[in-house]
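Undergrad: fold the following.
(2 chains)
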Amino acid sequence: MPVKANKKPSLAQLQHWMRGIIERGGPGAAGTAVSANINRWIAPSRTLQPAQRLEIYSGMYLFRLQEVLTKDFPCVAYALGDHAWHHATRDYVAAHPSRDPNLNNFNADFADYLYKRKDLKHARFLGDLARLEWAMVDVVFARSGRKPNLEPLRTVAPERWEAVTFAPAPTLRILTFDYPANDYLQEFRDGKHPRIPRPKVTYLAVQRVHYTVWRITLSAAMYTMLGSLAAGDTLRAAIRKTLRARKISSKALETAVFRWFASWVGDDFFESISAPASKVKLSNAPLFGKDRGPAIQEERIIQKRIGSEAAIVSRGEAARVRK
Amino acid sequence: MPRNSVVNLPFLGFGLGLRSRHYVDILDKWPDVDFFEIVSDNFMDTEGRPMDVLERVAEHYPIILHGVSMSIGSVDPLDAAYLKRLKRLADRLNSPWVSDHVCWSSEGNVQLHDLLPLPYDEPTLRYLIKRARSVQKALDRPLILENPSTYLQFTFSTMPEWEFIARLLEEADCGMLLDVNNVYVSSENHGFDPFAYIDAIPRDRVVYFHLAGHTRFETHILDTHSDHVVDGVWKLYTHAQRRFGGRSTILEWDEDIPDFKIVHAELNKAKTALRRAGIAMPGKSLITKPAAKPARAHAR
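TA: Next up, the predicted model:
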């Protein structure tokens, strides 16, 4: 929408022009053509030239969005260091302009963005770490789960257990990483100075209960089973998937599974448990199948609560930095 | 909306902007605050912890909605989905009005998350009047518009901000949220008389006041909401309260937020300032609490 020199712009032309300058990082960065109208359209003040007045707005735009990112991803910011963090967030802001009036959703694509940054050293690790930090924010804003009715667990006949389904709480996230992102985050939160770790596949549940966010380490088998159940599979299907993944022997799984469930139910991982209608035809096969041998020994099941998080997240309030 | 509906809006007293930093203090102590104002955009898409807290607070205090993203001055079409969600929230909390700013904050479907200045001329005024009327209809309650802090002025503006806003309020039949600190900040940045600004606003249009701190730089002032209210703003505030005959007040503190007791003490300074100036406040109006709320399992 070019406007002739000295001609008063329409409101649409003016806003498009201003947005361009703000998004590009200010009058200097926007280029001569875009900046040509500054002195014609903006009045100087006693102390500032028109371009300087416009810079107040362009500077605050980037600052505000970077501030929102820094609040949600403090550990990624630490891992990158100040200089690289500034550049990575500046590039993210440029690549992902905010489309939502609510700032809460602005950071949702940041982990994916880091994964794709091939030029970034340790991009895979940083993406993992960002995904973990985002999950911890995301559950704060998720609907609180209902307390499940445990009646089906007490009343369902043992032979019908295989068809029981479990609906995950909306505040539960089940994650896997190529790096030990949670260990790194914990060290950072403990005030230590962790170094970028070597790759190691890890599994984690992030769950908000009331106002506290928990991170709970999972074994590979727990991750497979929990993920399957969260996807809506029946207990039989989840067991099958877990055994097929060969992360645990059927014998070990049979021993462990009730312990897991006691713990998961206690941690409010599920908001509903459904027993099958009595007319549903069930399989005659044993629930845990034949022992597939000691291919992989049962992993040590670590179910470790790691501290209470300060669950107060104040995204969006940054929108009020300046009015 | 009938002509006098703004005048009849309830006097709510002296309130604070509800900020997450103070959730624990508020839920533990239920402090002596008349009402709270929320940034509505922060609560429109959440059912999680923020909404849990808000519903508990709403059981004890009137809540009013104040937004930053309506973008009433934008050339983008009004966001019907946004207005629908805003109305749903206002209904849920029984907010007697909804406020936002005389500004634009989005263009081409890109959100700039700032309160950007408008040219003050006839075509822009006519455009905003039309949009403000549509918004009030969509929200089914009065729209209260706030004067923004601004850092630049357009050469082709044909009227001062106070005239633009006064005409907008009258012709769109809106109320005004008079941010006294914003008048002060803009008056310093642009070099106008802040008392003349306040005297130009129609008496029966102001519904409530905002007070806040700001940051002074060598060349300009930024409205940062990060500090105590300065003397110059207190003077303007008492002048405004005297002119408008006693209106509700909200104190905002959004950056470098201190302990609750400090923010609360700052709010109490407003009462002291008015007492010293001999300005009487009307009796507080009751606003009906929301009819029904989901059951909550939280112990107090």
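Undergrad: could you tell me which residues of the stretch 151-300 of chain A lie near chain B?
TA: Taking Cβ under 8 Å from any Cβ of the partner chain as the criterion, the stretch 151-300 of chain A approaches chain B at residues A:T171, A:R208, A:H210, A:Y211. The way it works is simple: take the backbone N, C-alpha and C, and place the C-beta from them, glycine included.
Undergrad: can you tell me which of these are buried?
TA: A:T171, A:R208, A:Y211 (16 or more other Cβ atoms under 10 Å in any protein chain shown).
Undergrad: one step back: just the closest of the residues of the stretch 151-300 of chain A next to chain B to chain B, please.
TA: A:Y211 (5.7 Å; Cβ to the nearest Cβ).
Undergrad: from B:P142, how far off is that closest one?
TA: 34 Å (Cβ to Cβ, to the nearest Å).
Undergrad: which of the buried ones among the residues of the stretch 151-300 of chain A next to chain B fall within strands?
TA: A:R208 (DSSP state E).
Undergrad: which residues of the stretch 201-323 of chain A fall in strands?
TA: Counting by DSSP state E, counting those that start in this stretch, the stretch 201-323 of chain A has strands at residues A:202-209, A:212-218, A:270-274.
Undergrad: what's the closest of these to B:H228?
TA: Nearest of the strands of the stretch 201-323 of chain A to B:H228, taken as Cβ to Cβ: strand A:212-218 at 33.7 Å.
Undergrad: which of the residues in that closest one are buried?
TA: Using 16+ other Cβ under 10 Å as the test for burial, strand A:212-218 gives A:V213, A:W214, A:R215, A:I216, A:T217, A:L218.
Undergrad: partner residues bridging the first one?
TA: A:V213 has these beta-bridge partners by DSSP bridges: A:R208.
Undergrad: surely it is in contact with A:R189?
TA: No: if you go by Cβ atoms under 8 Å, A:V213 and A:R189 don't touch, sitting 12.0 Å apart.
Undergrad: quick one on the thing from earlier: let me have the residues of the stretch 151-300 of chain A next to chain B in CSV, extended by pLDDT.
TA: What follows is these, written out as CSV (pLDDT from 0 to 100):
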residue, pLDDT
A:T171, 96
A:R208, 93
A:H210, 86
A:Y211, 84
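Undergrad: got the residues of the stretch 201-300 of chain B near chain A?
TA: B:212, B:218-220, B:222-225, B:252, B:254-255, B:297-298.
Undergrad: just the buried members of these?
TA: By 16+ other Cβ under 10 Å, these give B:A212, B:H220, B:L222, B:D223, B:T224, B:H225, B:E252, B:D254, B:E255 as buried.
Undergrad: among those, which lie within strands?
TA: Filtering those for strands - DSSP E - leaves B:L222.
Undergrad: returning to what we had before: got the residues of the stretch 201-300 of chain B next to chain A as a markdown table, with pLDDT columns?
TA: Shown next, in a markdown table, are those (pLDDT from 0 to 100):
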| residue | pLDDT |
| --- | --- |
| B:A212 | 98 |
| B:E218 | 97 |
| B:T219 | 97 |
| B:H220 | 97 |
| B:L222 | 97 |
| B:D223 | 97 |
| B:T224 | 96 |
| B:H225 | 97 |
| B:E252 | 98 |
| B:D254 | 96 |
| B:E255 | 94 |
| B:A297 | 30 |
| B:H298 | 30 |
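Undergrad: low-confidence ranges, the stretch 201-323 of chain A, go.
TA: Under the criterion pLDDT under 70, the flagged ranges of the stretch 201-323 of chain A are A:277-323.
Undergrad: if we go to 50?
TA: Residue ranges of the stretch 201-323 of chain A with pLDDT under 50: A:291-323.
Undergrad: try chain B
TA: B:1-4, B:290-300.
Undergrad: again, only this time at 80
TA: For chain B, residues meeting the criterion pLDDT under 80 lie at B:1-8, B:284-300.
Undergrad: domain-wise, how is chain A divided?
TA: Per automatic domain parsing, the domain ranges recorded for chain A read A:1-57, A:73-320.
Undergrad: dump those to JSON lines, plus distance to B:W97.
TA: Output for the domains of chain A, formatted as JSON lines (distance: least, Cβ to Cβ, whole Å):
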{"stretch": "domain A:1-57", "distance to B:W97": "27"}
{"stretch": "domain A:73-320", "distance to B:W97": "19"}
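Undergrad: now do the helices in chain B.
TA: Assigned by DSSP state H, chain B shows helices spanning B:23-29, B:49-58, B:80-93, B:122-139, B:161-172, B:180-190, B:194-199, B:231-244, B:260-276.
Undergrad: now tabulate the strands of the stretch 201-323 of chain A in JSON lines and tack on distance to B:R275.
TA: Compiled in JSON lines, the strands of the stretch 201-323 of chain A are given as follows (distance: least, Cβ to Cβ, whole Å):
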{"stretch": "strand A:202-209", "distance to B:R275": "45"}
{"stretch": "strand A:212-218", "distance to B:R275": "43"}
{"stretch": "strand A:270-274", "distance to B:R275": "52"}
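Undergrad: tell me which of these lies nearest to A:N39.
TA: Using Cβ to Cβ, these put strand A:212-218 closest to A:N39, at 51.4 Å.
Undergrad: hang on, A:L65 packs against A:F106?
TA: Yes: with contact defined as Cβ under 8 Å, A:L65 counts as touching A:F106 (6.6 Å).
Undergrad: find residues that contact each of the two.
TA: The contact sets of A:L65 and A:F106 overlap at A:S98 (Cβ atoms under 8 Å, 6 or more residues apart in numbering or on different chains).
Undergrad: which one of the buried ones among the residues of the stretch 201-300 of chain B next to chain A is nearest chain A?
TA: Using Cβ to the nearest Cβ, those come closest to chain A at B:D254, 4.1 Å.
Undergrad: and the closest one, what are its phi and psi?
TA: Torsion angles at B:D254 (phi, psi; degrees, to the nearest 10) stand at phi -120, psi -20.
Undergrad: any idea how far A:Q13 is from it?
TA: For B:D254, the distance to A:Q13 - Cβ to Cβ - is 33 Å.
Undergrad: swap in B:A212?
TA: B:A212 is 33 Å from A:Q13, by Cβ to Cβ.
Undergrad: ditto for A:Y179
TA: Distance, A:Y179 to A:Q13, using Cβ to Cβ: 49 Å.
Undergrad: who's more crowded, these two?
TA: Remark: of A:Y179 and A:Q13, A:Y179 carries more neighbours, 22 against 17, as counted by other Cβ atoms under 10 Å in any protein chain shown.
Undergrad: next, count neighbours for B:I129.
TA: Count around B:I129 with other Cβ under 10 Å applied: 18.
Undergrad: and for the one 5 residues further on?
TA: Residue crowding around B:S134 was assessed by other Cβ under 10 Å; the count is 16.
Undergrad: ok, it - contacts?
TA: Here B:S134 is in contact with B:L78 (Cβ under 8 Å, 6+ apart).
Undergrad: roughly how far apart are B:D193 and chain A?
TA: 15 Å (Cβ to the nearest Cβ, to the nearest Å).
Undergrad: wait, that residue touches B:S187, no?
TA: Yes: taking contacts as Cβ under 8 Å, B:D193 lies within contact range of B:S187: 6.8 Å.
Undergrad: ok, those two, which is more surrounded?
TA: Comparing B:D193 with B:S187 by other Cβ under 10 Å, the one with more neighbours is B:S187, at 20 against 10.
Undergrad: count the residues that sit near the nearest residue to the more buried one once chain neighbours are set aside.
TA: With sequence-adjacent residues excluded and distances taken as Cβ to Cβ, 6 or more residues apart in numbering or on different chains, B:S187 is closest to B:P194, at 3.9 Å. When neighbours are defined as other Cβ under 10 Å, B:P194 has 22 of them.
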